[in-house]
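Trainee: only the shape, not the letters, is given here:
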């Protein structure tokens, strides 16, 4: 899936109007790259951008989507075990049973003031999925821009970024919880 020849708007996390621009892009159901609390993520507003994200991820060979939310939004979407309130916000993604309908969702309450403010202003959770194409792993913002500049509407650059480790992923639909991926957060106390 590619857009027109128009390139993505480059925004800088430290600029005062970047949050407002991000909210506008997400409200317009645009896809964007965001510097999350762990790695850069391909993002869009929950529910309204799923088809666009699936089409783009299918094109590059991946279909895994996490949901970034505030704690309140997480409770609205899923059944959140009380123990998670002692951990979130952090780099911990949890598979939780959905409140509406069947199935489950991978949810994270990010420990990043920029993303938390974005979620609050937007009033909606957002999808986030790794920017990595199937064949290779990219963390360098120059490579990310080159790869996505004609596929998304905006890319937020964080020049001070030092993190490149994904979140820890646990399945909270099992008893005991199951560790699915070791990442940036020590979730050992949840796995007892």
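Mentor: Ah, there it is. All values reported here derive from a predicted model rather than from experimental measurement.

Trainee: just the strands from the protein, written as ranges.
Mentor: 9-12, 32-35, 40-45, 66-68, 92-97, 104-108, 126-130, 154-157, 168-171, 178-181 (DSSP state E).

Trainee: mean neighbour count for these - can I get that in TSV?
Mentor: Quick note: C-beta positions are derived from backbone N, CA and C, even for glycine. Output for these, formatted as TSV (neighbours: other CB atoms under 10 Å):
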stretch	mean neighbour count
strand 9-12	16
strand 32-35	25
strand 40-45	26
strand 66-68	24
strand 92-97	23
strand 104-108	22
strand 126-130	23
strand 154-157	23
strand 168-171	21
strand 178-181	13
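
Trainee: give me the nearest residue to the residue positioned nearest the centre of the chain, chain neighbours excluded.
Mentor: Geometric centre of the chain, nearest residue: residue 128, 2.4 Å, by CA atoms, centre = their mean. Once flanking residues are discounted, residue 128 sits nearest to residue 41: 3.6 Å by CB to CB, 6 or more residues apart in numbering.

Trainee: show me what counts as buried in the worst-scoring helix or strand of the chain on mean pLDDT.
Mentor: Within the chain, no helix or strand scores below helix 50-60, which has a mean of 78 by mean pLDDT, DSSP states H and E. By neighbour count on 16 or more other CB atoms under 10 Å, the buried set for helix 50-60 is 52, 53, 56, 57, 60.

Trainee: that older thread, would JSON lines of the strands of the chain with distance to residue 143 be doable?
Mentor: Shown next, in JSON lines, are the strands of the chain (distance: least, CB to CB, whole Å):
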{"stretch": "strand 9-12", "distance to residue 143": "14"}
{"stretch": "strand 32-35", "distance to residue 143": "11"}
{"stretch": "strand 40-45", "distance to residue 143": "10"}
{"stretch": "strand 66-68", "distance to residue 143": "21"}
{"stretch": "strand 92-97", "distance to residue 143": "24"}
{"stretch": "strand 104-108", "distance to residue 143": "24"}
{"stretch": "strand 126-130", "distance to residue 143": "13"}
{"stretch": "strand 154-157", "distance to residue 143": "12"}
{"stretch": "strand 168-171", "distance to residue 143": "24"}
{"stretch": "strand 178-181", "distance to residue 143": "22"}
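
Trainee: tabulate the ones you listed (a markdown table), appending mean pLDDT.
Mentor: Converted to a markdown table, the strands of the chain look like this (pLDDT from 0 to 100):
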| stretch | mean pLDDT |
| --- | --- |
| strand 9-12 | 96 |
| strand 32-35 | 95 |
| strand 40-45 | 94 |
| strand 66-68 | 95 |
| strand 92-97 | 96 |
| strand 104-108 | 95 |
| strand 126-130 | 92 |
| strand 154-157 | 96 |
| strand 168-171 | 96 |
| strand 178-181 | 94 |
